[in-house]
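> how would this look folded up:
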Amino acid sequence: VPHVVDQHAELVRLQRKRRVRTAVSAREGQVLLHDARAKRDGRHRDARAQRVVREPGDHAETLRERPETAQDTGVAMYEHLRDTHPEIDTRYVITRDSPDLARLEGDPGVVLFGSREHVAALLAARNVLGSHHSEYLFPARGPKFERNVKATRVFLQHGVMGTKNMVANYGYDAPGFTADAFVVSSERERRMIEGDFGWPSKRVFVTGLSRHDRLFAQGPPPQRRLLVMPTWRDWLKSPDSVRESDFFARWNGLLHSEEFVEFLEANDLVADLYLHANMQPYADLFDLSHVNVIRHGDLSIQDLLLRS
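Purely as a prediction, here's the structure:
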């Protein structure tokens, strides 16, 4: 999977439509869409934004993931912009009760979901970049508010498509999903997003995922740990439905099997189980004395990957 692929020609076509200028970070490999106009309507659309944005005018970016998380492509992109592009006014939105808030403590670019600063930053933003539906960022839903959000919406993704049919969630005509640019990790994934998901080629960009950058950084060697990360099932929405499902029977059966326990012992491995965010509420169903069941907030996913 290429980490950085320059899609300049396609970006030029997009910028003609949205009147934005584009920069591709060589290190991060993510698409940054910057408005070419030095001012929009004199200053910002919303006067309140001038008390939030450090440099009113040129660039304002707002990033997010799920409202309660800071572990994925959104926060990776935010930290890159914050650390390497201080000329870009960047905000990261997160809920007050998020387990991940502590890792961003003291960061002046962090705004709390639903706060006045959140609303002002969103209305001032030139671009909204995120790992999930852009509507996750909105403090209010409805056409009246959404019409006032004029930012270009960039879908950074939070994984690589191909193992689940997600056309109903992220297809070009999927109800409730809106984006101006769709980031993918390979030419193969691009073909899928264009062919199966129906996205125009001018809106799909092969850059890789921002959260992967840290995996290539120098750090301590991996520990003898085995990380188990099952995905989710959209039809499992209650403890009873999970408990009675093939999903639970198969994963619980594997983790409790003699073969799995013997494999860990023979290879001197410690096993960690980290469920998908949509399955985290059911983590207590997995009663495993020989496997560490990791809850959201215990460790970041990046740390789990790096130590395994």
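
> now residue 211, nearest residue through space, not along the chain?
residue 76 (4.2 Å; Cβ to Cβ, 6 or more residues apart in numbering). From N, CA and C alone the C-beta is placed, and that goes for glycine too.

> what's the distance between that neighbour and residue 143?
Between residue 76 and residue 143 the computed distance is 32 Å (Cβ to Cβ, to the nearest Å).

> okay, the two: which has more neighbours?
residue 76 (24 against 6; other Cβ atoms under 10 Å).

> part of a helix, is that one?
Yes - the assignment for residue 76 (DSSP: H, G, I helix; E, B strand; the rest coil) places it in a helix.

> For it, give me the pLDDT.
Residue 76 carries a pLDDT score of 87 in this model.

> how near is it to residue 180?
From residue 76 to residue 180 the distance is 20 Å (Cβ to Cβ).

> again, but for residue 169
Applying Cβ to Cβ to residue 169 and residue 180 gives a distance of 17 Å.

> more neighbours, those two?
residue 180 (18 against 15).

> in the stretch 201-308 of the chain, which spans are strands?
Applying DSSP state E, counting those that start in this stretch to the stretch 201-308 of the chain gives strands spanning 204-206, 225-228, 270-274, 291-294.

> Output those strands in TSV; the columns should cover mean pLDDT.
Converted to TSV, the strands of the stretch 201-308 of the chain look like this (pLDDT from 0 to 100):
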stretch	mean pLDDT
strand 204-206	93
strand 225-228	95
strand 270-274	94
strand 291-294	92
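
> if we compare those, which one ends up closest to residue 126?
Of all the strands of the stretch 201-308 of the chain, it is strand 204-206 that lies closest to residue 126, at 17.5 Å by Cβ to Cβ.

> Neighbouring strands of that closest one in the sheet, and parallel or not?
On the basis of DSSP bridges, the sheet neighbours of strand 204-206 come out as strand 181-184 (parallel).

> Moving C-terminal from the partner strand, which element do we reach first?
Per DSSP states H and E, the first helix or strand lying C-terminal to strand 181-184 is helix 187-195.

> pull the CA atoms of that next one into CSV?
Only the C-alpha atoms of helix 187-195 are listed here, as CSV (Å, rounded to 0.1, in the frame of the first residue of the first chain):
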residue,chain,number,x,y,z
GLU,A,187,-5.2,1.9,-6.3
ARG,A,188,-7.1,-1.3,-5.6
GLU,A,189,-9.2,0.5,-3.0
ARG,A,190,-9.7,3.5,-5.4
ARG,A,191,-11.1,1.1,-8.0
MET,A,192,-13.5,-0.3,-5.4
ILE,A,193,-14.7,3.2,-4.3
GLU,A,194,-15.2,4.3,-7.8
GLY,A,195,-16.7,1.1,-9.2
